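Visitor: Below is the sequence, then the predicted model.
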Amino acid sequence: TAAGARMSGVAIYRSVYTEEQFARRFGGSTAEEKASQVARRRCPCSGNAGNAGKRFWMKRLPFLTWLPRYKLRRWLIGDIIAGLTVGIIHIPQGMSFALLTSVAPIYGLYTSFFPVVLYMLFGTGRHVSTGTFAGISLMTGSVVERLVPHQVGWNTTNQEDPELEKQRISVASAVTFLSGLMMICMFVLQLGFLSTYLSDPIVKAFTSGTAFHVTISQLNTMLGLRLPRFTGPFTLFKTLASLLGALSMTNIVELIISLICLGVLIPMKEINSRFRQKFRTPIPIEIIMLIVATAVTFATSLDKRCNVQIVGHIPAGFPSPQMPALGSIPSLIGDTVAITFVGYAVSVSLAMIYADKHRYTIDPNQELLAHGISNTISSLFTCFPSSASLATSNILESAGSHTQAVLACINITSLRQMFLQFQDLPELWRVSRMDFMVWMVTWLAVITLNADLGLAVGVVFSMMTVIYRTQRADCSMLGRASNTEIYRPVGENSMCHEIPGLKILAYNAPIYYGNKNFFRDAMSKLIGLTQEKVKARAKAKRKMEKINKMTITTIENGLPRPACSSDKDTSPAGSQQERIQSVVIDCSSIIFIDTAGARLFVQMCMDCQKADLWVYLAECNKEVLKVLTCSGLLDHLRPEQIFVTVHDAVVYLEQVKEASTQKSTTIWV
C-alpha cells in the first residue's frame, strides 16, 4: 500500500554540544556519589556481605545451582539413556586413544571415568562430555615417546615390559598433573580470556590437521607392522617413509581385519549421522565390533597362529592412587604449555557452542578451575590429559582381550567429523578470505611440522593478520546524506556529498606505535597536507599577522568563532569554498591510542594549525580523549573544538560560516 511505502521520519531539535558542555549537563555520578555507593555495597549491615559467601560457593560449585532445580521426572530417563550411550562409546574410544598416547588401553578407560566425575562437580558446560581427545592424546604421546621410547624389533612380544609401561604412564600422568596445575594457576590469575586467541579457524584447522596425524600413526597397527613412533617436525612424512619401507612385512591377517572393520564402521557411522533424529540412541557399532573381534580372536587364537597384536589382559577395578613421575616435570614444561592451551581452548569452544544453542552461559574462568582440578586429581589415578570430546559431546547432546587393529580402525572412524570440516572451506572463503588463509596456514603447519609447532604457527599468523589489518586500515573521507545527520564514506555512497571548505575524516582502527605512520600518511594525503605546504602556509600566515595585528576572535553563544581577517583564506568561515578551511576527525572507530600514537596525533594537529586548518574532533571515547589530553592536545586545541558527534561539529561550522557572511566580526581599534 501507499501508506506502507512511506518512510518513517525522525525529527530532533537540540542544542549543539561540545564534550565539555555535554559532560556538564549529562555527566555521570560524582566521585563522592560513587564512593558512597561502593561503601554501601561493602557495608555488612547492607545484607550483601551475608550473601557473598553463598554466591562464592554457588559459583565455584556449579552443581549446587543446577542440582536443586533438577526436574527428576522430566529429565532422568533421558539423562540415563544419554549417559549409557556415551559410556558405551567412551569404552572403545578411550582404549583406542590410549594407543595414541603410547600407553596401555586400560589407562584410556581410567581417563574416560575420573575426569568425567570431577567435571560434573565443577564444570559449567551442561552438554560437554569430557574424556579422551585425539589431538591431546597425540601431543601427549609424542612427549611419552621422546622420554620413554618403544623398544622396536620384529621379534618383540605383544606385551610391553611392565617396568617400561609403568614409566610411560608415569610420564603421561606427570603431563596431566602439570597441566592441571597450570590451569589452576590460570584460574587464580583469571586468564580465561586467553582462549579467545585460538579463533574458530585455528581450532578447526588444528583438529583437521591432527586427524591426518592420527590416521597416519594408526596405519602401522592396521598393517600389523611394529615401527618406531617419530617425534618432532615432519613426523607425518617420516612415518609415511617408514611405512613404505616396511610394506613387504605387512601382516595380511591384520590387514584383512582392518579392512573388514572399516567396511562396517564407516557405513554405520554414516547411518547414525543421517538418522540421528529418528534414533533415540545411536547404534553402538564400536562396542559391537570389539565384542565380535574379541570372540573371533579368542576362538581362533589369531594372536598365536597369525601373530596378530592384541591388547592382552585388562585388570579389573580402579587403580590405587600414586604420584606421577614428578622428577620428569622440568623436561615437560614446554610441551605441557601447548597441551594445556589446546585442551582448554577446545573444551571452552565446544562448551560455548552448546551453551549458545541451549541458551545458557558458561564461565571461562570456572572452566579453567574445572579442568584444572579434573587433570590434577586424575593424574593420581594414572590418567593422561583429558579435555572435552567432540564426538561424545555430540552424542550426549543429541541422545537425549581385543585386537589392536580394531582399536586403530575405531580411532580413524572417530575422526569423521574432523575430516568433514573441509566442507566449511568454500563458505569460509566467501565470508572472509583472511580467515581462510589462517585456516590453511594452520592446517599446513600442523601437517608439515607437528601438532604443537603447527598450532604455534597458526596463532602467530592469526595475530599477524590482526596487526596487518590495523596497520592497513582505511582513512576515509565522509560526506553527508542530503537533509540528514548521517555521514558515510563518499567513495562508497554516491549520494553522500562533501561539504565545501570542510573535510570529515574517519580512521577505522586504533592508533598505536605500529600503525601511526600509516595514519599520518593517509590523513595527509586526504587533506593535501605536506611539509612544504605547512612551511609555505606558516610563512604566509606570519606575514599576514604582521599586517592584521588588531584582528581578534569573538565568542558567540559560549562557543569560539575563529578569527576572520581581511584575508579570507586564513579563516575557516571564509567565503572561499575551494580551499579546505576546517578538518573534522571522526574518532568513533579509534578504540584506543597509545602514547606514540597520541604524540603523532598532536603533531598532526599542530601541522594543520601551521597550514591554517582548523581541527575539530568528534565522538572520542573517554580513554582516547584522556590519553590525548595527557599528551598535550589541549595546548593546541580548545575544549570547545571537541564535539559529541560529527553532526554537532558540522552544524557549528555551518553556523559560523553563515554568521560571517551576514556581519563582520573584525573590530578595528
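Guide: Received the coordinates, thanks.

Visitor: okay, CA-based contacts and neighbour counts for the rest of this
Guide: Will do.

Visitor: Quick check: buried residues in stretch 326-333?
Guide: Residues of stretch 326-333 classed as buried by neighbour count (16 or more other Cα atoms under 10 Å): I329, L332.

Visitor: That stretch: end-to-end distance?
Guide: This stretch, stretch 326-333, spans 11 Å end to end (Cα to Cα, to the nearest Å).

Visitor: next one: that stretch to chain centre, how far?
Guide: 29 Å (Cα atoms, centre = their mean, to the nearest Å).

Visitor: what comes into contact with that stretch?
Guide: With contact meaning Cα atoms under 8 Å, 6 or more residues apart in numbering, stretch 326-333 is reached by V143, V171, A174, V175, L178.

Visitor: looking just at contacts, which helices and strands does the helix or strand that contains the second one meet?
Guide: Counting by DSSP states H and E, the secondary-structure element that holds V171 is helix 162-188. In this structure, helix 162-188 packs against helix 134-147, helix 333-357, helix 364-378, with contacts taken as 3 or more Cα pairs under 8 Å, 6 or more residues apart in numbering; DSSP states H and E.

Visitor: Give the buried residues for the following helix or strand past that helix.
Guide: Downstream of helix 162-188, the next assigned helix or strand under DSSP H and E is helix 200-222. The neighbour-count check on helix 200-222 (16+ other Cα under 10 Å) flags 201-222 as buried.

Visitor: now do stretch 629-649
Guide: 629, 631, 633, 637, 639-649.

Visitor: Do you know the pLDDT at the most centrally placed residue in the chain?
Guide: Note on the chain: the residue nearest the mean C-alpha position is T196, at 2.7 Å, using Cα atoms, centre = their mean. The score at T196 is 74. That number is its pLDDT.

Visitor: Chain neighbours aside, what residue packs nearest to it?
Guide: A345 (7.8 Å; Cα to Cα, 6 or more residues apart in numbering).

Visitor: and that neighbour, what does it touch?
Guide: Residues in contact with A345 (Cα under 8 Å, 6+ apart) are S195, T196, L198.

Visitor: coming back round to it: would JSON lines of the contacts of stretch 326-333 with pLDDT and distance to A522 be doable?
Guide: As requested, the contacts of stretch 326-333 are arranged in JSON lines below (pLDDT from 0 to 100; distance: Cα to Cα, whole Å):
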{"residue": "V143", "pLDDT": "90", "distance to A522": "50"}
{"residue": "V171", "pLDDT": "94", "distance to A522": "56"}
{"residue": "A174", "pLDDT": "95", "distance to A522": "54"}
{"residue": "V175", "pLDDT": "95", "distance to A522": "51"}
{"residue": "L178", "pLDDT": "95", "distance to A522": "50"}
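
Visitor: if we take the residues you listed, which one ends up nearest to A506?
Guide: A506 has its nearest neighbour among the contacts of stretch 326-333 in L178, at 48.8 Å by Cα to Cα.

Visitor: got the contact list for the closest one?
Guide: Applying Cα under 8 Å, 6+ apart, the residues near L178 are I329, I333, T336, T376.

Visitor: if we go to 10 Å?
Guide: Contacts for L178 (Cα atoms under 10 Å, 6 or more residues apart in numbering) come out as 184, 324, 326, 329-330, 332-333, 336-337, 340, 372, 375-376, 379, 385.

Visitor: Please apply the same query to F114.
Guide: Taking Cα under 10 Å, 6+ apart, one finds T130, G131, S374, N375, I377, S378, S379, F381, C383, S386 in contact with F114.

Visitor: Please tell me the pLDDT value assigned to it.
Guide: Reported pLDDT at F114 in the predicted model: 90.

Visitor: And for A5?
Guide: Listed pLDDT for A5 reads 50.

Visitor: Take the buried residues of stretch 629-649 and keep only those in strands.
Guide: With strands taken from DSSP state E, the overlap with the buried residues of stretch 629-649 comprises I642, F643.

Visitor: Farthest-apart pair in the buried residues of stretch 629-649, please.
Guide: Greatest spatial distance among the buried residues of stretch 629-649 (Cα to Cα): S631 and H647, at 26.1 Å.

Visitor: quick one: which of the contacts of F114 is nearest T235?
Guide: Using Cα to Cα, the contacts of F114 come closest to T235 at S386, 22.9 Å.

Visitor: Do I have it right that that closest one meets G343?
Guide: Yes: here S386 reaches G343: they are 7.3 Å apart, a contact under Cα atoms under 10 Å.

Visitor: out of the two, which sits in the more crowded spot?
Guide: S386 (31 against 22; other Cα atoms under 10 Å).

Visitor: give me phi/psi at that one?
Guide: phi -120, psi 160 (degrees, to the nearest 10).

Visitor: again with V253
Guide: Torsion angles, degrees, to the nearest 10, at V253: phi -60, psi -40.

Visitor: For it, which non-adjacent residue is closest in space?
Guide: C306 (6.9 Å).

Visitor: list the contacts for that neighbour?
Guide: N251, I252, V253, E254, T300.

Visitor: ok, the second one - contacts?
Guide: It refers to I252. Per Cα under 10 Å, 6+ apart, neighbours of I252: M222, L223, G224, S258, C306, V308.
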